[in-house]
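Q: Any chance you can model this:
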Amino acid sequence: MSNELREIKKRLGWTNADIALATGVSESGVNNWFRSDPQPVSEPVIRLMRLIAEVVEHDCGQEIIKKTGIEIKERM
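A: Numbering: from 1, shown residues only. Next up, the predicted model:
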């Protein structure tokens, strides 16, 4: 599993279910990435999570997200 994905997850304060919702991957698929013997995470998923993290943290991120139709967890 990508350490970068783990860092993004922590930075956003997301659960595996939140990642599944945002990426369109099943929750069980995401769970597999975070097991003790993880399955590889594809480069497109890593890129998507980088992009989502940047948008979420941007001042107008919520507006952008609404326009794209991506479902994500609201930041606390």
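Q: residue ranges with poor pLDDT in this protein?
A: Low-confidence segments of the chain (pLDDT under 70): 1, 61, 65, 70, 72-76.
Q: Could you rerun that using 50?
A: Within the chain, the ranges that satisfy pLDDT under 50 run 76.
Q: Centroid-nearest residue for it?
A: Centroid-nearest residue in the chain: residue 19, 3.9 Å away (criterion: CA atoms, centre = their mean).
Q: Check which residues of the strand or helix carrying that one are buried.
A: Using DSSP states H and E, residue 19 sits in helix 16-23. Neighbour-count burial for helix 16-23 flags 16, 18, 19, 20, 21, 22, 23 (criterion: 16 or more other CB atoms under 10 Å). The way it works is simple: take the backbone N, C-alpha and C, and place the C-beta from them, glycine included.
Q: tell me which strands and helices the lengthiest helix in the chain is in contact with?
A: When the chain is parsed with DSSP state H, its longest helix is helix 43-57. Under the contact criterion of 3 or more CB pairs under 8 Å, 6 or more residues apart in numbering; DSSP states H and E, helix 43-57 touches helix 3-12, helix 16-23, helix 61-68.
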